[in-house]
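Enquirer: Just need the structure, nothing else, for what follows:
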Amino acid sequence: MQETLWTLGLILGAIIIATIALYSIKRLQPQKDFSAIQMRVKTWWGMFVIFCFATLFNTTVSLIAVMILSFVSLREYFSMMKTRKSDRRLFLWAYIMVPLQFYWIYIGWYGMFIVFIPVYVFLFLPLPRIIGKGTIGFLRSVSFAQWGLMLMVFGLSHLAYFPVATPVYGPNLVLYLVVLTQLNDVVQYGTSLYIGKRRLVPTANPYLSWEGFFAGIMITTLIAYFLFPFLTPLTPVFGVVSGVLISVAGYIGSLTMSVLKRDLLIGNQTKWEEIKGRYLSRIDSLTYTAPVFFHVIRYFFDFM
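Expert: Below is the predicted model of the structure:
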């Protein structure tokens, strides 16, 4: 708990410094557009509160905090799609799957937790759309809903399973994962924005560059190596491996969500600007890093 409080204190201090620095720079350079950075800082405050609940309190409170984050993220994800009445019925059933997925975590039923959305929901979720009649857009709406459940619910729900899988180390592992994921995002974005020249996939994300990608890996791995003795029972080798793993998985998650958003919001610039400042744009990396980190640790370490 002492290490957790120290880490949360450092994160809070970093966010306060970032907030003060942002408003100071805005006053000194009012002609420049800092809206993208301002939106990131704003969502960091919200995420900081959520993950304080997820790491400082008991398993039930942590589970509820992550469930709320999944629900909000799924709602923002669904808001990007032009919907019909039959689609809304499908989305309602998708929302019902959220508390069910977290109920399996609450009772510690790992077998159902790991197959519920990938298998059972995948097989039976199309039924509300079929019963609602209408074949137009069937595949698009069903696949869109399944993608949302896999990313925003199944992926993020692994954060809630850490304290169940290992009550002793779980909260700190969540904190370790979130800190490194967000740090990696910031380093990749900042490096790409200011010194990046060679774009990785400009059609999917015009900001990410090779310079940002490698800077993210190096900085994230370095911080992972210094943090792992305080927050995790990992070995030094896995302290390094976890940094590389989180950085690469986070990049793939961010890139995938960028492609999804651009595909769904073609021609809708207003909605694109709205979604940029929401939590969906801040947790896209976590939808990949959480399950990857969870299963790698579970495979190689007995405490999970």
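Enquirer: Now the lengthiest helix in the chain: buried residues?
Expert: Longest helix of the chain, by residue count under DSSP state H: helix 236-264. Buried residues in helix 236-264, defined by neighbour count with 16 or more other C-beta atoms under 10 Å: 238-243, 245-251, 253-258, 260-261, 264. For every residue, glycine as well, the C-beta is placed using N, CA and C.
Enquirer: quick check: mean pLDDT across that helix?
Expert: For helix 236-264, the mean pLDDT works out to 88.
Enquirer: Give me the residue ranges of the stretch 101-250 of the chain where confidence is low.
Expert: By pLDDT under 70, the low-scoring segments of the stretch 101-250 of the chain are 132-134, 204.
Enquirer: try it again with 80
Expert: For the stretch 101-250 of the chain, the stretches with pLDDT under 80 are 131-137, 189-190, 193-194, 196-197, 200-208.
Enquirer: For the stretch 51-200 of the chain, which segments are assigned as helices?
Expert: With DSSP state H, counting those that start in this stretch, the ranges of helices along the stretch 51-200 of the chain come out as 59-78, 85-106, 110-115, 122-124, 126-131, 138-148, 156-165, 170-194.
Enquirer: Summarise which helices and strands the last one is packed against.
Expert: So the one you mean is helix 170-194. helix 2-28, helix 35-56, helix 59-78, helix 156-165, helix 210-231, helix 236-264, helix 286-300 (3 or more C-beta pairs under 8 Å, 6 or more residues apart in numbering; DSSP states H and E).
Enquirer: how near is the closest residue to residue 170 other than its chain neighbours to residue 227?
Expert: Excluding its sequence neighbours, the residue lying closest to residue 170 (C-beta to C-beta, 6 or more residues apart in numbering) is residue 163, at 3.5 Å. Applying C-beta to C-beta, to the nearest Å, the value for residue 163 to residue 227 is 18 Å.
Enquirer: between those two, which one's more packed in?
Expert: Counted by other C-beta atoms under 10 Å, residue 163 and residue 227 do not tie: residue 163 has more neighbours, with 26 against 23.
Enquirer: didn't that one look like it was pressed against residue 62?
Expert: Yes. Here residue 163 reaches residue 62: they are 5.4 Å apart, a contact under C-beta atoms under 8 Å.
Enquirer: Quickly list what's touching both of these two.
Expert: 171, 174 (C-beta atoms under 8 Å, 6 or more residues apart in numbering).
Enquirer: Residue 62 contacts residue 160, doesn't it?
Expert: Yes. With contact defined as C-beta under 8 Å, residue 62 reaches residue 160; the gap is 6.3 Å.
Enquirer: Provide the count of other residues in contact range of residue 49.
Expert: 11.
Enquirer: Quick check, pLDDT for it.
Expert: As summarised for this prediction, residue 49 has a pLDDT of 71.
Enquirer: gap between it and residue 16?
Expert: For residue 49, the distance to residue 16 - C-beta to C-beta - is 14 Å.
Enquirer: Same check on residue 156?
Expert: From residue 156 over to residue 16 (counting by C-beta to C-beta), the distance is 26 Å.
Enquirer: what about those two, which has more around it?
Expert: residue 156 (22 against 11).
Enquirer: what's near enough to touch that one?
Expert: Contact partners of residue 156, counting by C-beta under 8 Å, 6+ apart, are 66, 69-70, 73, 283, 286-287, 290.
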